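Colleague: Just a sequence and a predicted model for now, questions to come.
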Amino acid sequence: MAPLDLASLNPEQRSAVVHRGGPLLVLAGAGSGKTRVIVHRIASLVEEGIPPWSILAVTFTNKAAGELRERVGRLLGGTGPSATPDRSAASDVRCSTFHSFGASLLRREAEAVGLTRDFTIYDEDDQLSLAKRLLREAGREADSAAARELLSAIDRIKNGAGDGAEVEDVLELCGRFERALRAANAVDFGDLLALPVRLFESRPDVLDRWRRRFRHVLVDEFQDTNVVQYRLLRLLCPTGADLCVVGDDDQSIYRWRGADVRHILGFEHDFANAQVVKLTQNYRSDGNVLAAAQAVIAKNPHRHDKTLWTERPSGAPLRLLSAQDERDEADRIAAELAELHSEGTVWSEMAVFYRINAQSRVLEEALRIARVPYVIVRGRSFYERAEIKDAVAYLRLMANPRSDVDLLRAIGAPPRGIGETTLERLSRHASAAGLCLFDALAEGELSRVEGLNAGSRGRLARFRDLVVELRAAAAESAGAAAEAAVVTSGLLERWASSSEPDAAERGENLRELVGAAREADERWASQPREAGEDLPEGGPLVRFLEEIALLGDADGEAGAERVSLMTLHAAKGLEFDAVFIAGMEEGIFPHSRALAFDPSREEAGGRGTESEEMAEERRLCYVGFTRARRRLFVACARMRALFGDLRFNPPSRFLGEIPAELFDALPSFESSPVRPYPGAPSANGITVDYSYDQSWRSPERSFPRRPPRPSPAPARPIGAMGLTVRHAVFGVGKVVSADGEGPDAKLTIRFPGVGEKRIVARFVTPI
DNA sequence: TGAGCGTCAATTAGC
DNA sequence: TTGACGCTCA
């Protein structure tokens, strides 16, 4: 390995890279070369002779883990102290997400937590259906609201955010949920972290083994850690001696899903002798962009004190697009995108951010009309499609037949005449006998199920034989397993023989799944690794399933020659030459939730102390702004149709916080939609009404977007004798007689070639 | 079993 | 306005 070139780092970065022997907190401002520091630090550890396999780097997303792995690989160049021809030092460094680290730990220690190595990872949908089933069995209301409520309680408890005040029967249900998961040899995402913590706390011998294994731990995006993740880190690094955490409190935007900024704010308190390094030089954005971001974030209380600076020029001024309504806003964004493109900016270097997904529709429409190619960047989608989930249910059943959730899904897709009643009888027998559903399908058991008729028993037996047959195919390869799951199960045939509009696409998706499985086989064949080192154990199918469960979706990613559309949350970690932020209005961004309990409202005209929600919105704004390298466009609309009604939102307070001189031109307020509102004057004349609150909106102030339709002409009485009508199944026929009137009237209709049918009037249309 | 309809709710989202 | 979901009926 060529000696590490530390001269390419700035002094702050260098000190973060070379610091040794104590806890290290790197406060890395946006665009300050954070990943660079992590990568160089890893490389420098390896250079010192630290075994690469004893280094663990944890991130939150697969994308970040992949990028880290790739960059470490590039820097270490496939050589190093422990390198042999087929094993590079870089691939020995463990770069993984919190969850995949937890998953691989659990596969290794499965028996100790009551699992086998083939355990299944349940996603939200699986959890939801399990929760519903348990609620039903407990004789409780089992709608999805109740199930969601239960799940969020479970999640709070698992993530250590429970306040200890959970009601007795909720705890009871949580217990049932856990037992059901274990009985199914399954874990949920929360367990991937909670079980390792529990294991470490109860088994010092196991903990000791893992501590010896990973001597050097690095954590990226530390401001996003939740309580359990933090506990896991503290268990693994009790003194923090070789713990290096990197993050930016100003970019903490996931409080709502359990992240706790206090971990980064209190790091120096929790770890004695912690060294703090601040990376404040920004390499990404032009001066004006950075100044705008800085102006907004500076208004937040309780920050690690740091001010970013740049050597880059001021660059182009910001531009405010103040529009009449959301259509106008979208059109103007589209026009600016087109103009930038004509000036030479490639599509993929531009992005439009919005606060809520519902905003994307109008933007999409405008971009389509303006012929601006775009892609919506979202987390996963392929593996959330119903047909794919059906196929995956088969795959998981093949790997782990104890998974009742998967059996229940697979047994109904494609429909095979096994209904609710039959399954109810089967479940009852299974739970009475203490069996999983699959075992209840065994020959000897089926005959003991109460109330089962011969037909149902036969259908159940056939399904059991199918699963047995599929399991035989599972051992071979992921590709063979997927093909069996898709073909032998009848899933593909179901869509092939369907005339539904999206049937062809669904069939294609199933084929794509098989392709993905084959690809995975090839990938593993071409990259032999240390046994189970970075990949889950348990054969190709289990490995493929874990990849599906833990990996996001590759398609829908930014990068192609298209403009990226995404929520502000999805924008974190990305950068573009030009960034547009739509909907910069009070009630949209900042979101109305953050407005609702803002105590500042009580102070006449003043901003006062803002809520923690508002602080998070402001951080989100900071994240959005700092994604831009050169151009930043902020847009707002005077009125906006959203969720079916119309609102008049004042401009966002964040707009009011940007110094006027950073804009190219501010609209003149007399003629502009951005009119001064009564309220605090701002730095730039965009006056924001801080007392604005959408809950004030009375029904009178919201009105339908479209004028009401003219009332329909009085319909001919449908029961009129001799009337010709059309029925969806029987076709066209003539009404012979009518019993009653209105849509509920029972009509006797003669259909040529079919005969007379008695049909409720509502099911036919007069022609 | 599954199509169709009425009701209800509505940030943000990763593994 | 969109979409998810539960209920009803052929």
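Modeller: Done, it's in.
Colleague: going forward, measure contacts and count neighbours with C-alpha atoms only.
Modeller: Fine.
Colleague: Residue A:277 in helix, strand or coil?
Modeller: Using DSSP: H, G, I helix; E, B strand; the rest coil, the structure places residue A:277 in strand.
Colleague: Now it. Nearest residue, chain neighbours left out?
Modeller: The shortest distance from residue A:277 to any non-neighbouring residue, by C-alpha to C-alpha, 6 or more residues apart in numbering, is to residue A:26 (4.8 Å).
Colleague: And for residue A:561?
Modeller: With C-alpha to C-alpha, 6+ apart, the residue lying closest to residue A:561 is residue A:348, at 5.0 Å.
Colleague: what's the distance between the one you found and residue A:95?
Modeller: 28 Å (C-alpha to C-alpha, to the nearest Å).
Colleague: more crowded one of those two?
Modeller: residue A:95 (27 against 20; other C-alpha atoms under 10 Å).
Colleague: next SSE after the helix or strand that one falls within?
Modeller: Here residue A:95, judged by DSSP states H and E, is contained in strand A:94-97. Next helix or strand after strand A:94-97 toward the C-terminus (DSSP H and E): helix A:98-108.
Colleague: where's residue A:304 relative to DNA strand C, distance?
Modeller: Counting by C-alpha to the nearest atom of the strand, to the nearest Å, the gap between residue A:304 and DNA strand C amounts to 40 Å.
Colleague: so residue A:549 sits in a strand?
Modeller: No. Under three-state DSSP, residue A:549 falls outside any strand and is assigned helix.
Colleague: for it, what are its contacts?
Modeller: A:121, A:122, A:123 (C-alpha atoms under 8 Å, 6 or more residues apart in numbering).
Colleague: Say whether DNA strand B is contacted by stretch A:133-145.
Modeller: No. Stretch A:133-145 lies out of reach of DNA strand B by C-alpha under 7 Å from any atom of the strand, never closer than 8.6 Å.
Colleague: So what touches that stretch?
Modeller: A:128, A:132, A:147, A:173, A:176, A:177.
Colleague: Next, the buried residues of that stretch.
Modeller: Within stretch A:133-145, the residues that qualify as buried are A:133, A:134, A:135, A:142, counting by 16 or more other C-alpha atoms under 10 Å.
Colleague: Contacting DNA strand C as well, which ones from those?
Modeller: residue A:142.
Colleague: From residue A:469, how far off is whatever residue of chain A ends up closest to DNA strand B?
Modeller: Nearest residue of chain A to DNA strand B: residue A:419, at 2.5 Å (C-alpha to the nearest atom of the strand). Applying C-alpha to C-alpha, the value for residue A:419 to residue A:469 is 23 Å.
Colleague: per-domain residue ranges of chain A.
Modeller: In terms of domains, chain A is parsed into A:11-102+A:196-281, A:125-184, A:319-373+A:556-689, A:383-544, A:724-766 (source: automatic domain parsing).
Colleague: Let me see the contact set for the residue of chain A closest to DNA strand B.
Modeller: residue A:412.
Colleague: Low-confidence bits of the stretch 601-750 of chain A, can you list those?
Modeller: Low-confidence segments of the stretch 601-750 of chain A (pLDDT under 70): A:601-609, A:667-683, A:687-720, A:722-734, A:736-750.
Colleague: what about 50?
Modeller: A:601-607, A:670-678, A:695-720, A:742-744 (pLDDT under 50).
Colleague: Would you mind listing what in it touches DNA strand B?
Modeller: So the stretch 601-750 of chain A meets DNA strand B at A:613, A:617, A:643, A:644 (C-alpha under 7 Å from any atom of the strand).
Colleague: Report the distance from stretch A:391-408 to the chain centre.
Modeller: 23 Å (C-alpha atoms, centre = their mean, to the nearest Å).
Colleague: ok, which stretches of the stretch 101-250 of chain A are helices?
Modeller: Taking DSSP state H, counting those that start in this stretch, the helices of the stretch 101-250 of chain A run over residues A:124-137, A:144-158, A:168-183, A:189-202, A:204-213, A:227-236.
Colleague: and the last one, what does it pack onto?
Modeller: For helix A:227-236, the helices and strands in contact under the criterion 3 or more C-alpha pairs under 8 Å, 6 or more residues apart in numbering; DSSP states H and E are helix A:189-202, helix A:204-213.
Colleague: Quick check: which of those is nearest to residue A:308?
Modeller: helix A:189-202 (34.6 Å; C-alpha to C-alpha).
Colleague: What are the buried residues along that closest one?
Modeller: Those would be A:189, A:190, A:191, A:192, A:193, A:194, A:195, A:196, A:197, A:199, A:200, for helix A:189-202 by 16+ other C-alpha under 10 Å.
Colleague: so what's the closest residue in space to residue A:463 that isn't next to it in sequence scoring on pLDDT?
Modeller: Closest residue to residue A:463 apart from its sequence neighbours, by C-alpha to C-alpha, 6+ apart: residue A:411 at 7.1 Å. On pLDDT, residue A:411 comes in at 90.
Colleague: Residue A:763 now?
Modeller: 55.
Colleague: My understanding was that the residue nearest to residue A:463 contacts residue A:417; is that so?
Modeller: No. The pair residue A:411 / residue A:417 is not scored as a contact, 9.3 Å apart, by C-alpha atoms under 8 Å.
Colleague: more neighbours, these two?
Modeller: Between residue A:411 and residue A:417, residue A:411 has the larger neighbour count (other C-alpha under 10 Å), namely 23 against 13.
Colleague: Residue A:119 versus the more buried one, what's the distance?
Modeller: Taken as C-alpha to C-alpha, the span from residue A:411 to residue A:119 is 20 Å.
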